[in-house]
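Q: Show me the folded form of this:
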Amino acid sequence: MDIVADITKSPLRRSLYHFTRASNLQAIAHFDALYPPSVIAPQLSEGMRRREKHTTLFNEQAVVLNAHLRITGEAMDPNTSPEQFRTCLDRHVFLWPTKRDCLAMLGMYSRREPDESFAILQLDAAALLTDHFDIIALSKYDSGSSPRYPHRMSYRKSCEMFLPLNRFRQSTATFVPGKPSEIKEILVKGPLIPLSKYLQTVYCTAESLVPQQWRALTETLAELREDNK
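A: This next block holds a predicted model:
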């Protein structure tokens with residue numbers, strides 16, 4: 001079975017989407033890469049909770065790291081602490097498999113930070129998954145979310161919920177995705193380089209924050225919302 005072809009068979013799943021702050025676009029374009037927090041700021045990625053967004057310098061480029069949402073112990077697997085789970089999250093670059101999923105993230109952050117400008121990068125799914133096959137994992141759930149009613153959860157958060165791409169359709173565990181429609185997140189363990197090879201569209205309303213070399217690929221977030229209807 002060709003795993004990448006299986007996952008990208010649906011026309012709705014032929015691109016991947018990365019959500020970020022528009023202020024991060026200059027740094028992303030400068031490095032032509034997406035780096036996980038553990039690389040950008042190891043001192044902020046050792047399990048402690050970032051209660052607020054944090055601006056840091058990474059190789060002389062300003063980068064904003066998002067805060068961690070609070071995850072209660074009740075939501076955790078008994079063998080995994082919140083600190084261990086946050087450490088695991090911070091080792092990955094997160095991608096969304098559909099426009100709908102990424103727009104839901106945009107909506108949540110836009111409500112929390114109405115004065116902030118955000119951006120969404122659309123990436124070639126098949127090429128990215130093929131090139132980074134050995135460092136990709138799949139999640140059935142929004143791993144970094146903070147469930148309102150953790151006692152009602154059908155799973156518990158742990159690093160075991162991230163299924164290596166090469167094991168797709170091989171696991172019988174109910175807390176990992178068993179078919180493409182169950183994939184909620186795609187995680188890249190380590191840098192995603194070179195980003196420009198996969199970049200299809202930059203969705204951002206704040207055009208002044210879009211790097212010059214990406215202007216020809218830029219559309220507004222309103223256009224993305226319209227395409228999703």
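Q: Based on its surroundings, how many neighbours for the closest residue to R49 other than its chain neighbours?
A: Spatially, and ignoring its direct neighbours in sequence, R49 is nearest to H68 (4.7 Å; C-beta to C-beta, 6 or more residues apart in numbering). All C-beta atoms are positioned from the backbone trio N, CA, C, and that covers glycine. Per other C-beta atoms under 10 Å, the neighbour tally for H68 reads 21.
Q: which residues touch G178?
A: By C-beta atoms under 8 Å, 6 or more residues apart in numbering, the contact set of G178 is R169, S171.
Q: and if you look at Q213?
A: A29.
Q: just the helices in the chain please.
A: If you assign secondary structure with DSSP state H, the helices in the chain sit at 3-7, 25-31, 37-40, 82-89, 99-112, 125-131, 221-227.
Q: Output the fourth one in CSV with nothing but the alpha carbons.
A: Coordinates of each C-alpha in helix 82-89 appear next as CSV, following Å, rounded to 0.1, in the frame of the first residue of the first chain:
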residue,chain,number,x,y,z
PRO,A,82,1.7,17.2,31.5
GLU,A,83,5.4,18.2,31.5
GLN,A,84,6.4,15.1,29.5
PHE,A,85,3.6,15.7,27.0
ARG,A,86,4.5,19.4,26.5
THR,A,87,8.1,18.3,25.9
CYS,A,88,6.9,15.9,23.2
LEU,A,89,4.7,18.6,21.6
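Q: Look up how far I135 lies from S146.
A: 27 Å (C-beta to C-beta, to the nearest Å).
Q: In terms of packing, which of these two has more residues around it?
A: I135 (16 against 12).
Q: Name the nearest residue to that one, ignoring sequence neighbours.
A: Closest residue in space to I135, ignoring its immediate chain neighbours: K189 at 4.6 Å, by C-beta to C-beta, 6+ apart.
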